[in-house]
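Visitor: Got a sequence here, can you model it:
(one chain, ligands or ions: 1)
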Amino acid sequence: MSSIRLVTPIPGPKSRELTERRSQAVPRGVSQLTPIYVRRSEGALIEDVDGNQFIDFGGGIGCLNAGHRAPKVTQAIQDQTARHLHTCFMVTPYDGYVRLAERLNALAPGASPKKTLFVNSGAEAVENAVKIARAYTRRPAMICFEDAFHGRTMMTMSLTSKTHPYKAGFEPFPGDVYRIPFGYCYRCSYSLEYPQCGIKCAHALEDAFRRVVAAESVAAVIVEPVLGEGGFVAPPAEFLQVMQDICRKHGILLIADEIQTGFARTGKMFACEHYGIEPDLLLTAKTLGGGLPLAGVTGRTEIMDHTGPGSLGGTFGGNPLACEAALATIDTIEQEDLCGRAMRVGDRFRQRCNSWRRQFPMIGDVRGLGAMQAFELVRDQEKRIPADRETTQLIRHCYEHGLILVGAGTYGNVIRLLAPLVITNEQFEEGLDVIECGLEAVHEQEAARAGMA
Ligand SMILES: Cc1ncc(COP(=O)(O)O)c(C=O)c1O
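Guide: Have a look, this model is predicted:
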């Protein structure tokens, strides 16, 4: 039986009316990828206010690896509402925060003793990591990467790469931030080929210490083990290891931003585990809260304990509902083996993408790690001209036909898979079929456009 159920043209009348009201009430700066207003959701399905049912390949941008309203998560939230809501962990603490910190300290890669701080959003986790790294090392500079995304606050905009729409017009940014190339082989900044390149991009860090900023001025390197918003780019196997070695040699902290890669998305609890590294600070958010806002900074005890009482925290950080939801999310991931599921979902996605690639010259690259998979659309296989218009058309075709799909990439030409990992095989295949029809439709539209030109 089909999971997609469309009872009105998309968007339906109620969604259209809400879009109209939204345009009067909400600033344009908050983007709207689909014109669909949600009534309820479950597992990998979303029902809109007009009664249409969609398969969700976006998971609220990677927040729902354990599914919409995962049963254990909603139960934990309900149970907590019967006990207490906000009291502020800094005033009258509660055990959920402590239990979750213990859990993350044990899960974080590496054997060194760890501690965890909770805040409300990914960007806030990044901000705190920068504070902690600077205080601990007593050094000012931060190194980040081309195509990185770390958030929309002032410091995180400075660390983020993509100019439009994230940075342009919001200058000036906090300083002492330096950017080097990432291991993005399809669009190599040095126009080299892996492995003959000798991973020049990773060694660019050493070079930067001579040409850009002195190593002894650098507090930390912040890296997404697989680029998220930047287009789901998994670097070559050795890239992060080289980064870690160089950082250790110079007393620089390595911060892994696992806000999008974390919690089974890549087939391991954290993507760093694939690369065999132990970051000094590990940043989590998105799926951590199982649908509630929560983020964590986990790090080696000596680093996390460096700053004095009152220097870290915030009114709502580690909210009791969010902590209980997070504990239940981690239980769900472990008990339902969502890491194993991520590998299977990712393999299947890749298989289908590779067959589309033979059919549609528009697909330039297929890549990813576990279920963090993506394909990149180009206008010319050789020149790799980003097909951003076609990507937007494909996303639109998909939601009009019952599939929520999100794009990515500095050039806006990447389709990424962020489906809840609890998606059934039938729902997954149905979603993939919608993408295939969408690729056909976009291919035809573009052929017609070329014919008219
Ligand atoms: C890798 C990464 N870091 C940081 C952020 C910012 O998180 P938030 O939107 O919760 O502030 C995101 C959000 O997409 C992200 O993908």
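Visitor: Tell me the secondary structure at Pro11.
Guide: Using DSSP: H, G, I helix; E, B strand; the rest coil, the secondary structure recorded for Pro11 is coil.
Visitor: which ones are touching the residue nearest to Met343 when sequence neighbours are not counted?
Guide: Distances taken as CB to CB, 6 or more residues apart in numbering put Gly267 closest to Met343, at 4.3 Å, once the chain neighbours are dropped. Placement of C-beta: from N, CA and C, glycine included. By CB atoms under 8 Å, 6 or more residues apart in numbering, the contact list for Gly267 reads 274, 339-340, 342-343, 346, 369-371.
Visitor: Next: His150.
Guide: By CB under 8 Å, 6+ apart, His150 lies in contact with 122-123, 126, 144, 156, 159-160, 222, 224, 257.
Visitor: Determine which two of these are furthest apart.
Guide: Greatest spatial distance among those (CB to CB): Gly122 and Cys144, at 14.6 Å.
Visitor: who has more neighbours, the two?
Guide: Between Gly122 and Cys144, counted using other CB atoms under 10 Å, Gly122 has the larger neighbour count: 30 against 25.
Visitor: I figured the more buried one hits Leu294, correct?
Guide: No - under the criterion of CB atoms under 8 Å, Gly122 is not in contact with Leu294, lying 9.9 Å apart.
Visitor: Tell me the secondary structure at Thr261.
Guide: coil.
Visitor: What's the separation between whichever residue of the stretch 101-250 of the chain sits closest to the ligand and Thr156?
Guide: Closest residue of the stretch 101-250 of the chain to the ligand, CB to the nearest ligand atom: Gly122 (2.1 Å). The gap separating Gly122 from Thr156 is 8 Å, by CB to CB, to the nearest Å.
Visitor: for Val297, same thing?
Guide: Taking CB to CB as the criterion, Val297 is separated from Thr156 by 13 Å.
Visitor: And Ile255, by the same measure?
Guide: According to CB to CB, Ile255 stands 12 Å off from Thr156.
Visitor: what's the closest non-adjacent residue to Lys167?
Guide: In space, Lys167 is closest to Met157, 5.3 Å off (CB to CB, 6+ apart).
Visitor: what residues are up against that neighbour?
Guide: 151, 166-167, 170, 173.
Visitor: Show me the one in those residues that has more neighbours than the rest.
Guide: In terms of neighbour count, Gly151 stands highest of the contacts of Met157 at 24 neighbours, by other CB under 10 Å.
Visitor: The closest residue to it other than its chain neighbours: what secondary structure?
Guide: Of all residues not flanking Gly151 in the chain, Ala123 sits nearest, at 2.8 Å (CB to CB, 6+ apart). Per three-state DSSP, the local secondary structure of Ala123 is helix.
Visitor: follow-up on the earlier one: just the contacts of Met157 that are near the ligand?
Guide: Applying CB under 6 Å from any ligand atom, the subset of these adjacent to the ligand comprises Gly151.
Visitor: of the contacts of Met157, closest to Leu33?
Guide: Nearest to Leu33 among these is Tyr166, at 15.2 Å by CB to CB.
Visitor: re the thing from before, whichever of the contacts of Gly267 end up buried, select them in ChimeraX.
Guide: In ChimeraX syntax, the buried subset of the contacts of Gly267 is picked out as below (16 or more other CB atoms under 10 Å):
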select :274,339,342,343,346,369,370,371
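Visitor: Tabulate the contacts of Gly267 (JSON lines), appending distance to the ligand.
Guide: Output for the contacts of Gly267, formatted as JSON lines (distance: CB to the nearest ligand atom, whole Å):
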{"residue": "His274", "distance to the ligand": "16"}
{"residue": "Cys339", "distance to the ligand": "19"}
{"residue": "Gly340", "distance to the ligand": "24"}
{"residue": "Ala342", "distance to the ligand": "17"}
{"residue": "Met343", "distance to the ligand": "21"}
{"residue": "Gly346", "distance to the ligand": "18"}
{"residue": "Leu369", "distance to the ligand": "14"}
{"residue": "Gly370", "distance to the ligand": "16"}
{"residue": "Ala371", "distance to the ligand": "15"}
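Visitor: In strands only, show me the contacts of Gly267.
Guide: Among these, DSSP state E puts Leu369 in strands.
Visitor: now, among the contacts of Gly267, which is nearest to Tyr411?
Guide: Leu369 (20.8 Å).
Visitor: returning to that earlier point: please report phi then psi for the residue nearest to Lys167.
Guide: As for Met157, its main-chain torsions (degrees, to the nearest 10) stand at phi -60, psi -40.
Visitor: count of neighbours near the closest residue in space to the residue of the stretch 101-250 of the chain closest to the ligand that isn't next to it in sequence?
Guide: Distances taken as CB to CB, 6+ apart place Ala285 nearest to Gly122, at 3.7 Å, with adjacent residues excluded. Around Ala285 there are 28 other residues, counting by other CB under 10 Å.
Visitor: check contacts around Ala285.
Guide: 121-122, 125, 259, 294-296.
Visitor: Separate out the buried members of these.
Guide: 121-122, 125, 259, 294-296.
Visitor: ok, these vs Val73, which is closest?
Guide: Leu294 (11.7 Å).
Visitor: Now do that closest one, the pLDDT please.
Guide: pLDDT for Leu294: 98.
Visitor: Flag every residue of the chain that's near the ligand.
Guide: Near the ligand, when you scan the chain using CB under 6 Å from any ligand atom, you find 61, 121-123, 126, 149-151, 224, 228-229, 257, 259-260, 285.
Visitor: if we can go back for a sec, please compare Ile255 and Thr156 by neighbour count and tell me which comes out ahead.
Guide: Taking other CB under 10 Å, Ile255 and Thr156 do not tie; Ile255 has more neighbours (31 against 26).
Visitor: residues touching the residue sitting nearest the centre point of the chain, list them.
Guide: Closest to where the C-alpha atoms of the chain average out (CA atoms, centre = their mean) is Gln260, at 2.5 Å. Residues in contact with Gln260 (CB under 8 Å, 6+ apart) are 61-62, 224, 226, 228-229, 286, 372.
Visitor: ok, so of the residues you listed, who is nearest Ala326?
Guide: Checking those against Ala326 by CB to CB gives Lys286 as the nearest, at 11.0 Å.
Visitor: give me every residue that touches the closest one.
Guide: 61-63, 122, 259-260, 262-263.
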